[in-house]
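*Asks:* test case, fold it:
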Amino acid sequence: MRDENIRIRAAAPEDAAQLLDIYTPYVERTAITFEYDVPTLEEFRGRIARTLQKYPYLAAEGGGELLGYAYLGPFVGRAAYQWAAETSIYLRMDRRGQGLGRALYGAIEGIARAQNVTNLEACIGRPAEEGDPCLTDGSVAFHTRMGYRMVGEFDRCGYKFGRWYHMAWMEKLLAPHAPSPAPVRPFPEVSAAELRALGVEPEAGRP
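*Replies:* Take a look at the predicted model:
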């Protein structure tokens, strides 16, 4: 169960240092991300700022500390794909299995619906061999619990720590696919009132 003292809020570039601290062990010790090198603080801050121009970037906060984060990003990037978005989530290593992931993903899904996004896509590394010390199928299990379905897998297309890894795509459909879909709303256009209704604390100054 999620701690009632945990709040979900909009993240900001100023959160980069704490969020990078959460992400770093995933780069250095796991194949959950296929990134080899820990990004610099400047690069990570830029990633957050670029994401927030169109998509939500949320943080789970408790006791004055950031405990996890989730965000959406473009799927492929071509115009015709704009109603689909790719999901990402990272939790502090000592706070996994406590309901934070479900809370963050629930909030992200609500915002995606408000933006008129219809498809959420998750790109997930999978171990090619049993007993891999750097990766399990925990992410597949989590996304399955969140209502995603497996749509495809690439065979041993990632290489990290001297091992090959599969890459799977999972998908969740949020809304019917209308013949003439409503335009996708950039995240800055989602109002503070809408965010609060979804259980997300908006940043100061959001109308």
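*Asks:* shaky segments in the protein?
*Replies:* Counting by pLDDT under 70, the chain shows low-confidence ranges at 1-4.
*Asks:* what about residue 77, which SS state?
*Replies:* Using DSSP: H, G, I helix; E, B strand; the rest coil, the structure places residue 77 in coil.
*Asks:* mind checking how far it is from residue 132?
*Replies:* From residue 77 across to residue 132, the span is 31 Å (CB to CB, to the nearest Å). Every residue, glycine included, has its C-beta placed from N, CA and C.
*Asks:* ok, now residue 52?
*Replies:* 34 Å.
*Asks:* returning to that earlier point: of residue 77 and residue 132, which one has the most company?
*Replies:* Remark: of residue 77 and residue 132, residue 132 carries more neighbours, 17 against 9, as counted by other CB atoms under 10 Å.
*Asks:* show the contacting residues for the more buried one.
*Replies:* 31, 163 (CB atoms under 8 Å, 6 or more residues apart in numbering).
*Asks:* part of a strand, is it?
*Replies:* No: read with three-state DSSP, residue 132 is coil and lies in no strand.
*Asks:* need the contact list for the spatially most central residue of the chain.
*Replies:* Nearest to the geometric centre of the chain sits residue 88, at 2.3 Å (CA atoms, centre = their mean). Listed by CB under 8 Å, 6+ apart, the contact set of residue 88 reads 70, 71, 72, 73.
*Asks:* can you say which helix or strand has it in it?
*Replies:* strand 84-91 (DSSP states H and E).
*Asks:* my read: residue 67 touches residue 91, true?
*Replies:* Yes: with contact defined as CB atoms under 8 Å, residue 67 reaches residue 91; the gap is 6.7 Å.
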